[in-house]
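Visitor: Predicted model, plus sequence, below.
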Amino acid sequence: MSTVSREPFSFCAFAFYWFLKPDSPQTKNPLTLKKKPSDQSTSLTSPQSQLVRPIHLKFSRRLLHVRVAFNMDSGGIDSDGREFKNAEEMWREEVGEADPMKKSQWYSQGIAYWQGVEATVDGVMGGYENINVADIEASEAFLNTLLSERFPDAGRGQKLVALDCGSGIGRISKNLLIRYFNEVDLLEPVPHFLDAARTNLAPENLMVMENRAVNFFGVPLQWCIGHLSDDDFVSFFKRALVGLKTGGLFVLKENIARSGFVLDKEDKSVTRSHLYFKQLFKQCGLNVYKMKNQKGLPDGLFAVKMYALSAESPQRVGITRSAKMKLIRPGIIID
């Protein structure tokens, strides 16, 4: 068995685990970034009172149980070199079968790992800060394609709102999202990462607000979905679809295993193959609108793919651009 490279850059995305429970009174509100007039200072505010006050982040731990109804035949390995016959065997050992305590332990161990990571670009990218520019440039090219096709009225009165899941220190929000979206909500469970995000984003002439956004045009998820079990993967997307506006997209960027899966025992994450992802997308009721490979990464790392996912039927996804705009053009968000 050849040596498996450790997943080099995996954002902490256990925010998804808590995002599955939006109906709980303990569910935390995400941070919202808004572009502001140049004469205003950066502040932490409440949209209800508009008074400066600290943001208190709360999480809910109610579990959802959704069984994934497919059989993953391809085997996989873990970072210690152990082989598994299939994904079901691996998940049964890691999170149990309908065992809330064991699943909670899986997520707690993962969070503990990221709590020990330095809140810097190099820290959240696992020591690969040198690929930050290539990563952002590829993501920007992909995003530009999506925006031109799906939201041609952006910048002409149409306000776009995004939810940055597993936002970490705000690396992607700062370097990419806030330049294309009017508002960006940051969803992240590791407190010192959010503290760093506040600091990193303060010079960008932004307001950081406590707000509960209802509808999003884009939900980017980068290097983080691997922390979710298959059941919670499906649960997350089904719940998150409720908050996605007509024509909106999930934009998933992830490491890709050559086949099957690779389990990282240290940070409790799973790198899935392209086929594995496709089977999960089907269970979520999602179709691949566009897909692109990340270029410019050093040898020895996992391949990386970008997926734009839509709940529209494949026939509708494949129609011409002009017809598509008539069908999916979203309405204006009213403040």
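Guide: Yes, it's here. Note that the structure is predicted; figures quoted are calculated from it, not measured.
Visitor: which residues does A303 form a beta bridge with?
Guide: I256 (DSSP bridges).
Visitor: And the pLDDT at T246?
Guide: For T246, the model assigns a pLDDT of 88.
Visitor: what's the answer for L301, then?
Guide: Reading off the model, L301 has pLDDT 95.
Visitor: Could you count how many residues lie near it?
Guide: 17 (other Cβ atoms under 10 Å). C-beta coordinates here come from the backbone N, C-alpha and C atoms, glycine included.
Visitor: That one and Q294, how far apart?
Guide: 10 Å (Cβ to Cβ, to the nearest Å).
Visitor: Confidence-wise, which helix or strand of the protein is lowest on average?
Guide: Among the helices and strands of the chain, strand 44-45 carries the lowest confidence by mean pLDDT, DSSP states H and E, at a mean of 28.
Visitor: after it comes which helix or strand?
Guide: strand 76-78 (DSSP states H and E).
Visitor: partners of that next one in the sheet?
Guide: When DSSP bridges is applied, strand 76-78 pairs with strand 83-84 (antiparallel), strand 261-264 (parallel).
Visitor: Return the mean pLDDT over it, rounded to an integer.
Guide: 98.
Visitor: quick one: contacts of it?
Guide: Residues outside strand 76-78 that contact it (Cβ atoms under 8 Å, 6 or more residues apart in numbering): 1, 4, 83-84, 86-87, 90, 257, 260-265.
Visitor: repeat for stretch 112-122
Guide: Residues contacting stretch 112-122 (Cβ under 8 Å, 6+ apart): 12, 123-124, 128-129, 132, 169, 171, 190, 192-193, 195-196, 266-268.
Visitor: what ranges of the stretch 101-250 of the chain fall below the confidence cut-off?
Guide: For the stretch 101-250 of the chain, the stretches with pLDDT under 70 are 155, 157, 204-214.
Visitor: 50 - rerun?
Guide: Where the stretch 101-250 of the chain drops to pLDDT under 50, the residues are 213.
Visitor: So which residues of it form strands?
Guide: According to DSSP state E, counting those that start in this stretch, the stretch 101-250 of the chain carries its strands in the segments 161-165, 183-187, 206-210, 216-222, 244-256.
Visitor: could you redo the ones you listed as JSON lines and give each row distance to L143 and mean neighbour count?
Guide: Listed next are the strands of the stretch 101-250 of the chain as JSON lines, based on distance: least, Cβ to Cβ, whole Å; neighbours: other Cβ atoms under 10 Å:
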{"stretch": "strand 161-165", "distance to L143": "10", "mean neighbour count": "27"}
{"stretch": "strand 183-187", "distance to L143": "12", "mean neighbour count": "26"}
{"stretch": "strand 206-210", "distance to L143": "19", "mean neighbour count": "21"}
{"stretch": "strand 216-222", "distance to L143": "8", "mean neighbour count": "25"}
{"stretch": "strand 244-256", "distance to L143": "7", "mean neighbour count": "21"}
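Visitor: Q279 is nearest to which of those strands?
Guide: Distance to Q279, taken as Cβ to Cβ, is lowest for strand 244-256 among the strands of the stretch 101-250 of the chain, at 13.8 Å.
Visitor: in the lengthiest helix in the chain, what counts as buried?
Guide: Scanning the chain for the longest helix, with DSSP state H as the assignment, gives helix 132-150. Within helix 132-150, the residues that count as buried by 16 or more other Cβ atoms under 10 Å are N132, D135, A138, S139, F142, L143, L146, L147, E149, R150.
Visitor: is it true that E254 touches H227?
Guide: No: the pair E254 / H227 is not scored as a contact, 11.0 Å apart, by Cβ atoms under 8 Å.
Visitor: Pull out the buried residues from stretch 222-230.
Guide: Going by neighbour count (16+ other Cβ under 10 Å), the buried part of stretch 222-230 is Q222, W223, C224, I225, G226, H227, L228, S229, D230.
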